[in-house]
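A.B. asks: Give the three-dimensional model of this entry:
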Amino acid sequence: MSQLSTLPRRELPPALPRNTSTFEVAAQVIATGPQDSTVQATAPLVGTGQGQIAVRVGRVVVYVTDRDALQAFVSAWTEAQTLADQAFGPKMPPPVYRPRLSDTR
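C.D. replies: So this is what the prediction gives:
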């Protein structure tokens, strides 16, 4: 039996209510393996706000426009980190290097 089968199944959060005056994007991403990333402060894409932080991991970019949004993402990823061993199994140390004995006849 896999470890994942013992995890409680959770429902996806409900979609946001439709608002006809804005354009909203919902996305799902499955990430596997190492991902390159960049983080930078940028000028706002629209409006006259102070600025924003652009976070790119792989081909996904998230623009965070205030401290509340930043804290929401940081809190979510911090909680995700606490579940890593439960979801993926414990991280094992690399095997110890043992040189092969050579035949010196």
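A.B. asks: drop to CA atoms for contacts and neighbour counts, all remaining ones
C.D. replies: OK.
A.B. asks: next one: the lowest-mean-pLDDT helix or strand in the chain to chain centre, how far?
C.D. replies: Ranked by mean pLDDT, DSSP states H and E, the weakest helix or strand in the chain is strand 60-64, scoring a mean of 92. Centre-to-centre, strand 60-64 and its host chain are 11 Å apart (CA atoms, centre = their mean, to the nearest Å).
A.B. asks: Pull the residues that contact it.
C.D. replies: Contacting residues not belonging to strand 60-64 are listed as 52-56, 70 [CA atoms under 8 Å, 6 or more residues apart in numbering].
A.B. asks: Render the CA-only coordinates of it in CSV, please.
C.D. replies: The C-alpha trace of strand 60-64 is given here as CSV (Å, rounded to 0.1, in the frame of the first residue of the first chain):
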residue,chain,number,x,y,z
VAL,A,60,4.8,29.4,-14.0
VAL,A,61,4.9,33.1,-13.0
VAL,A,62,3.0,34.6,-10.0
TYR,A,63,2.7,38.3,-9.5
VAL,A,64,2.2,39.3,-5.9
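A.B. asks: Quick one: work out the angle between the helix or strand following that strand and strand 60-64.
C.D. replies: Later in the chain than strand 60-64, the nearest helix or strand by DSSP states H and E is helix 67-82. In terms of direction (axes from the mean of the first three to the mean of the last three CA atoms, to 10 degrees), helix 67-82 departs from strand 60-64 by 130 degrees.
A.B. asks: Perfect, I'm done here.
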